[in-house]
Every structure is written in structure tokens, then in C-alpha cells.
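Student: return a 3D structure for these sequence lines:
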Amino acid sequence: MINCIVIDDEPLARQLLQGYMEQLPDITCVAACQSAIEAFKILHEQPVDVMFLDIQMPGITGLSFLKSLKNPPKVIFTTAYADHAVEAFELEALDYLLKPITFERFLKSVQKAVPQKEGQEISSSRQDENPYLFLKVNKRLVKVGHADIIYVEALGDYLKIFTPTQTLVTYMTLNKLEALLPAAKFARIHRSTIINLDHIQFIEGNFVRLDGKDLTIGLTYKDNLAQKLQGI
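Tutor: Reported below is the predicted structural model:
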């Protein structure tokens with residue numbers, strides 16, 4: 001188990017990383033702090049393996065805080081600015097994550113924190129143990145169950161996620177969301193559409209009906225959809 005601490009003055013940024021950690025069985029977030037001073041106390045009270053540390057914070061910056069620690073844990077910087085990367089790596093940071101941080105990028109970064117002697121990678125449990133994901137909607141992190149997603153449509157850099165009770169709009173690419181969803185339950189039927197196989201009512205020609213909604217199946221996606229349906 002890897003004990004992590006999140007240090008960021010933005011509540012949404014802390015919630016996002018905590019949500020990502022909840023989807024990994026090998027990681028626990030021991031604390032989420034809004035300042036370096038608050039984190040300093042935590043570091044002296046319990047063991048911490050990895051710090052997810054923001055750089056631009058009121059009072060003590062992340063860089064100054066790291067320099068002040070005699071025996072700091074491993075550090076992964078999280079920031080909206082790229083201009084401190086060189087200094088961060090000079091301080092032997094494991095990684096430098098630019099916001100907004102995707103789950104895929106977070107997972108790759110966490111892999112670097114695993115001691116090589118363990119000889120194994122951290123596995124994501126989002127497809128097995130946690131049948132949900134967190135989506136950034138407006139200023140909130142919204143928990144959405146995989147089973148509740150009927151289909152998803154891409155609108156430029158945004159996605160519309162349709163559920164039985166609401167339609168959510170989030171800033172994310174379709175490829176990124178597809179990587180977060182269990183492949184056995186979801187299928188790409190168009191360059192701009194992903195569907196939940198459990199919500200299919202019937203398929204006729206180049207159309208699939210899901211909960212009363214007819215969606216077009218792209219020619220290049222028909223074979224992939226057929227293969228997935230055979231495995232159900």
C-alpha cells in the first residue's frame with residue numbers, strides 16, 4: 001500500500017486526486033491539505049510515501065515547501081504552469097503533472113512511485129471493484145455509475161453523457177473517456193459516440209436503439225460492435 005498526501009489550495013483539485021486514488025486498490029490518501037503548513041503537521045504524524053504537491057499556493061509555495069523538508073517523501077508536482085518543470089526535476093521530483101490532470105496521466109505518474117523491487121504495476125480497479133467514475137462538471141466532481149451511462153456524444157473538446165435522469169457536460173476527449181470505461185460493457189459506434197451495450201434495445205441496419213434513442217453506427221465501427229455483442 002502506498003500512502004499519499006495531496007497538497008493544493010484548490011478544493012476541486014484535491015477532490016479530483018482523491019477521487020482518482022479511490023479507484024486504485026494499492027493507494028490510500030491519508031490527507032488532503034490546503035496549505036503547506038497543514039501538510040507539515042501531517043508529515044510529522046504519520047508515514048507518507050508520495051506527495052502530490054501544487055506549486056502556486058498562498059504563503060509557502062510547493063517548491064519552497066519541498067526545499068524546507070529534511071527527509072521529504074517522493075514528490076509529484078501538480079500545477080497549471082509549465083515554467084517550473086526544470087526546477088522541479090532538479091529537486092528530484094518523480095513527475096510534473098499539468099492541470100487538468102486526466103486519470104490516465106495520473107496512473108502513469110503513480111507507477112513511478114512503486115518500488116521496483118515489488119516487480120509489479122499498480123492496477124486500476126475502476127473496471128472491477130469500483131463500477132463508477134468521477135466527472136468534472138462545472139465546479140463539481142460528479143460520481144457517475146457505469147451502469148447509468150446510456151451513451152456519450154462528443155462536442156469538440158466536450159462530452160455529453162446521457163443518463164436516465166440527467167445529461168452531464170464535461171471537458172474531456174472521447175478517447176480519454178473510452179479508456180476509463182470497461183471495454184466489455186461499452187463500444188464506440190461512431191467517431192463521436194460511445195454506447196453502453198446493456199442499454200441496447202435492438203439494432204437495425206446502421207442504427208442502434210438505446211432507451212428509445214436511435215443512434216447511427218459508423219461503417220468502420222460495425223465489425224467491432226458485432227464482435228463485442230458476440231461476447232455478451
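Student: ok, now how distant is residue 216 from residue 195?
Tutor: As judged by C-beta to C-beta, to the nearest Å, residue 216 and residue 195 stand 11 Å apart. In short, each C-beta sits where N, CA and C put it, glycine included.
Student: show me which of these two is the more surrounded one.
Tutor: Set side by side, residue 216 and residue 195 show more neighbours around residue 195, with 24 against 14, by other C-beta atoms under 10 Å.
Student: which stretches of the protein form helices?
Tutor: 11-22, 36-43, 62-68, 85-90, 103-111, 174-180, 222-230 (DSSP state H).
Student: turn those helices into TSV, columns for mean pLDDT and distance to residue 147.
Tutor: Listed next are those as TSV, based on pLDDT from 0 to 100; distance: least, C-beta to C-beta, whole Å:
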stretch	mean pLDDT	distance to residue 147
helix 11-22	91	18
helix 36-43	94	36
helix 62-68	95	39
helix 85-90	88	40
helix 103-111	86	19
helix 174-180	84	15
helix 222-230	84	17
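Student: so which of those comes closest to residue 210?
Tutor: helix 222-230 (12.3 Å; C-beta to C-beta).
Student: what are the contacting residues of the closest one?
Tutor: The contact list for helix 222-230 (C-beta atoms under 8 Å, 6 or more residues apart in numbering) reads 184, 187, 188, 189, 197, 200, 203, 206, 208, 217.
Student: show me what contacts the nearest residue in space to residue 10 that is not next to it in sequence?
Tutor: The shortest distance from residue 10 to any non-neighbouring residue, by C-beta to C-beta, 6 or more residues apart in numbering, is to residue 54 (7.3 Å). With contacts defined as C-beta under 8 Å, 6+ apart, residue 54 is in contact with 7, 8, 9, 10, 13, 62, 77, 78, 79.
Student: and the helices of the chain: which comes nearest residue 138?
Tutor: Per C-beta to C-beta, nearest to residue 138 of the helices of the chain: helix 11-22, 9.9 Å.
Student: list the buried ones in that closest one?
Tutor: The neighbour-count check on helix 11-22 (16 or more other C-beta atoms under 10 Å) flags 13, 14, 15, 16, 17, 18, 19, 20, 21, 22 as buried.
Student: widest-spaced pair of those?
Tutor: 13 and 22 (15.3 Å).
Student: give me the residue at the spatial middle of the chain.
Tutor: Geometric centre of the chain, nearest residue: residue 103, 2.4 Å, by C-alpha atoms, centre = their mean.
Student: residue 98 reaches residue 84, doesn't it?
Tutor: No: counting by C-beta atoms under 8 Å, residue 98 does not reach residue 84; the two are 10.6 Å apart.
Student: so which of the two has more stuff around it?
Tutor: Shown here are residue 98 and residue 84; by other C-beta under 10 Å, residue 84 has more neighbours (18 against 13).
Student: quick check: chain neighbours aside, which residue is closest to that one?
Tutor: Residue 84's closest residue in space is residue 55 (C-beta to C-beta, 6+ apart), at 5.3 Å.
Student: how about the contacts made by that neighbour?
Tutor: If you count contacts by C-beta under 8 Å, 6+ apart, residue 55 has them with 61, 62, 63, 77, 78, 79, 81, 84, 88.
Student: give me the buried entries from those.
Tutor: Going by neighbour count (16+ other C-beta under 10 Å), those have 61, 62, 63, 77, 78, 79, 84, 88 buried.
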